[in-house]
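Chemist: sequence first, predicted coordinates after that:
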Amino acid sequence: MVRVLPIVALLLAAPAAAENTRPQPQPVVDTIPAAQDRPYPGTIKLEIDATDTRQGVFRAREIIPVARAGHMVLLFPKWLPGNHSTTGQIEKLTGLAIRAGGRALPWRRDPVDMAAFHIEVPRGVSAIEVSLMFVSATEANQGRVVMTPEMMNLQWNSMSVYPAGYFTRGIPVEAVVTYPEGWTAASAVPAKRQGNRYVYDRTDYETLVDSPVFAGRHFRAFPLSDRVTLNVVADSAKELDASPEAVAAHQRLVTQAVKLFGAEHYDRYNFLLAISSELGGIGLEHHRSSENGVGPGYFSDWASSAPARGLLPHEFTHSWNGKFRRGADLFTPDYRQPMRNSLLWVYEGQTQFWGLVLGARSGLLSKQDTLDAYAMIAAGLEAAPGRQWRPLGDTTNDPIIAYRRPKPWSSWQRSEDYYNEGLLVWMEVDSILRRESKGTKSMDDFARAFFGINNGDWGTVTYSFDDVVKTLSTLQPYDWAGLLTRRLTETGAPAPLKGFEGNGYRLVFTDTPSPYFRLNERERRITDLTYSIGLVVGAGGNVSSVLWGGPAFKAGMDVGDDLISVNGYAYSPERLKEAIVAAKAGTPITLTTRKGERVEQFSIDYRAGLRYPRLEKIGAGEAGLDLLLAPK
């Protein structure tokens with residue numbers, strides 16, 4: 001007999017039946033062992049062939065001891081210190097093969113963590129052999145170029161995998177690299193040179209990753225102190241010809257940094273500097289070295305290279321701030337555990353602060369160039385409307401959110417403002433210390449108290465927000481927690497420029513750019529009209545930035561527009577500036593652009609003329625900022 005249910009019963013029964021057959025989400029089970037602070041049973045042997053400079057291929061071979069048979073996970077470094085995000089270039093890892101006991105071992109990539117590889121180690125095997133390749137980008141649109149026919153930047157994290165389940169500092173490793181004939185290499189890890197082979201001293205994996213290599217055909221080393229060396233590779237030998245003046249400024253950088261911090265947290269420190277138009281630019285800190293990349297002319301056109309000369313003071317400061325003292329939530333046991341960036345306003349913001357101070361104190365930057373750099377920073381933050389909605393503290397998440405990719409509306413979206421707005425916060429702290437202590441305390445005292453401990457120790461000492469506040473309070477009683485919390489969380493407030501004003505200077509605008517502003521435009525190959533019509537225009541008239549809410553934005557212009565004409569005449573930077581000046585008398589600014597197949601015309605209503613930022617001194621006599629920038 002067929003039973004017919006009433007329609008109401010069918011309606012009530014249907015959801016239950018559907019619910020029983022609906023697929024259920026499966027829980028994610030992490031089968032990768034967590035890192036533990038225990039010694040790894042054996043030493044990894046890592047050999048790298050770095051001779052294929054024409055095609056940019058690094059070939060690596062690892063012998064990894066194993067303690068027992070069974071499941072094993074190998075990790076490719078993913079969360080990299082100094083990058084503040086998951087920047088391990090797993091997409092450039094190729095040719096992975098694993099062997100044991102003379103036969104190939106199948107590997108399986110983890111379905112969740114794409115930088116983890118699962119294998120099964122057979123019984124009776126005491127070591128596995130891993131071979132892999134890392135392919136350098138050969139064009140800028142593929143990523144950063146790390147190998148050219150003249151030089152290379154070898155980063156160990158890109159050339160190796162390591163066993164899961166251990167703190168990286170507990171994994172011993174011995175590395176050997178074969179470089180092209182005639183090349184010279186520099187790294188913080190000492191090496192014995194055997195022709196074109198470098199046999200590096202045994203160290204731990206964490207120290208190895210923290211000690212990258214610059215190598216090149218054209219190489220020169222400049223001793224800066226008994227512990228610090230400037231190692232330079234360049235596209236050509238002429239770029240290595242540093243004047244005595246230039247070398248002396250770098251030597252003073254070391255002297256001034258040691259006087260500032262009162263300790264050295266390295267046995268030896270190696271600046272690695274590439275002067276190149278081919279190798280990708282970089283500025284990356286390490287405890288006993290730093291990776292620095294600048295364009296041609298750093299030495300050979302010393303008079304014009306001021307904007308590039310702020311790089312080394314910044315990265316050197318990180319040996320104290322970021323490497324020796326590190327935010328507790330950035331200190332991780334391996335390169336798989338996510339980092340948290342809440343204290344980057346100290347790590348990077350105070351490093352930005354000290355980088356410019358040390359640039360001025362050493363003479364790498366003139367005092368006027370430093371003041372002009374401050375003016376550009378202050379003006380950029382004052383103009384950016386993104387502060388209306390996004391607090392400084394949230395920008396510390398930007399490396400993870402945006403992966404440092406370009407943004408269409410960076411002035412509104414905000415980017416990594418913890419660098420420059422962090423600088424402004426620390427300038428304000430300096431001015432308050434001077435005011436409250438009646439001139440007896442300053443940020444110099446904070447630097448020595450916070451970073452100048454444990455001379456000679458190149459381990460890591462972590463800190464928290466409360467540790468920062470405690471150090472400041474010990475120096476000078478004040479509501480430091482309240483001040484810093486406001487600066488980290490406030491929105492809708494003006495840019496925090498009180499530090500400059502408290503230290504005797506204020507931001508003003510003039511109709512002519514400073515020499516430093518011009519050099520910055522030249523280095524970046526731009527015409528910067530941010531503070532007039534709200535545009536930055538690159539080579540060929542391409543609009544690279546539009547200030548959100550500025551005159552060009554209100555007219556409808558967009559990033560990526562190509563300027564064709566200005567008031568009916570072919571575009572040139574000079575013609576655009578002339579039109580801005582003429583508009584003061586009421587002449588409209590009419591711009592014609594092309595974007596793809598679209599040609600459009602925009603009328604910009606703007607009559608305030610050209611505007612460029614400067615710092616203007618308030619009153620007479622020696623102010624706090626004058627004292628801050630003076631050499632010690």
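Modeler: Perfect, I can see it now. No experiment lies behind these values; they were computed from the predicted model shown.

Chemist: pull the number of nearby residues for residue 304.
Modeler: Neighbour count for residue 304, taken as other C-beta atoms under 10 Å: 15. Heads up, the C-betas are built off the backbone N, CA and C, glycines and all.

Chemist: with adjacent residues omitted, what lies nearest to it?
Modeler: Using C-beta to C-beta, 6 or more residues apart in numbering and skipping the chain neighbours, the partner closest in space to residue 304 is residue 519 (5.9 Å).

Chemist: repeat that for residue 501.
Modeler: Leaving aside its chain neighbours, residue 501 sits nearest to residue 618 (7.0 Å; criterion: C-beta to C-beta, 6+ apart).

Chemist: for that neighbour, what are its contacts?
Modeler: Applying C-beta atoms under 8 Å, 6 or more residues apart in numbering to residue 618 gives the contacts 501, 504-506.

Chemist: same thing with residue 391?
Modeler: Counting by C-beta under 8 Å, 6+ apart, residue 391 touches 488-491.

Chemist: I'd like to know which of those residues is nearest to residue 292.
Modeler: For those, the residue nearest residue 292 by C-beta to C-beta is residue 488; the value is 29.6 Å.

Chemist: let's verify the closest one: helix, strand, or coil?
Modeler: helix (DSSP: H, G, I helix; E, B strand; the rest coil).

Chemist: kindly tell me how buried the closest residue to it other than its chain neighbours is, as a neighbour count.
Modeler: Nearest residue to residue 488, sequence neighbours excluded (C-beta to C-beta, 6+ apart): residue 393, at 3.8 Å. Per other C-beta under 10 Å, the neighbour tally for residue 393 reads 19.

Chemist: by mean pLDDT, flag the weakest helix or strand of this protein.
Modeler: helix 7-21 (a mean of 45; mean pLDDT, DSSP states H and E).

Chemist: for the record, mean pLDDT for the helix or strand just after that helix?
Modeler: Using DSSP states H and E, the helix or strand that follows helix 7-21 in sequence is strand 44-52. Averaged across strand 44-52, the pLDDT comes to 98.

Chemist: mind listing the strands strand 44-52 pairs with, and their directions?
Modeler: strand 57-65 (antiparallel), strand 172-178 (parallel) (DSSP bridges).

Chemist: which residues does it contact?
Modeler: With contact meaning C-beta under 8 Å, 6+ apart, strand 44-52 is reached by 58-65, 147, 152, 154, 156, 159-160, 162, 171-180, 196, 205, 215.

Chemist: rerun at 6 Å
Modeler: Here strand 44-52 makes contact (C-beta atoms under 6 Å, 6 or more residues apart in numbering) with 58-64, 154, 159-160, 173-180.

Chemist: filter these down to the buried ones.
Modeler: 58-62, 64, 154, 159-160, 173-180 (16 or more other C-beta atoms under 10 Å).

Chemist: need the max-distance pair from the contacts of residue 618.
Modeler: Greatest spatial distance in the contacts of residue 618: 504 and 506, 8.7 Å, computed using C-beta to C-beta.

Chemist: these two: which is more packed in?
Modeler: Neighbour count, other C-beta under 10 Å: between residue 504 and residue 506, residue 504 has more, with 21 against 14.

Chemist: can you tell me how far that one is from residue 613?
Modeler: Distance, residue 504 to residue 613, by C-beta to C-beta, to the nearest Å: 17 Å.

Chemist: same question for residue 309.
Modeler: The value you get for residue 309 to residue 613, if C-beta to C-beta is used, is 20 Å.

Chemist: and residue 179, by the same measure?
Modeler: In terms of C-beta to C-beta, residue 179 sits 46 Å off from residue 613.

Chemist: re the thing from before, name the residues that touch the helix or strand harbouring the residue nearest to residue 488?
Modeler: Taking DSSP H and E as the criterion, residue 393 maps to helix 392-395. With contacts defined as C-beta under 6 Å, 6+ apart, helix 392-395 is touched by 414, 417-418, 421, 488-489.

Chemist: repeat that for stretch 361-370.
Modeler: Residues contacting stretch 361-370 (C-beta under 6 Å, 6+ apart): 249, 252-253, 256, 306, 309, 356, 359-360, 516, 629, 631.

Chemist: JSON lines for these, including secondary structure and neighbour count?
Modeler: What follows is these, written out as JSON lines (DSSP: H, G, I helix; E, B strand; the rest coil; neighbours: other C-beta atoms under 10 Å):
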{"residue": "249", "secondary structure": "helix", "neighbour count": "19"}
{"residue": "252", "secondary structure": "helix", "neighbour count": "17"}
{"residue": "253", "secondary structure": "helix", "neighbour count": "26"}
{"residue": "256", "secondary structure": "helix", "neighbour count": "21"}
{"residue": "306", "secondary structure": "helix", "neighbour count": "22"}
{"residue": "309", "secondary structure": "helix", "neighbour count": "22"}
{"residue": "356", "secondary structure": "helix", "neighbour count": "26"}
{"residue": "359", "secondary structure": "helix", "neighbour count": "27"}
{"residue": "360", "secondary structure": "helix", "neighbour count": "26"}
{"residue": "516", "secondary structure": "helix", "neighbour count": "22"}
{"residue": "629", "secondary structure": "helix", "neighbour count": "20"}
{"residue": "631", "secondary structure": "coil", "neighbour count": "13"}
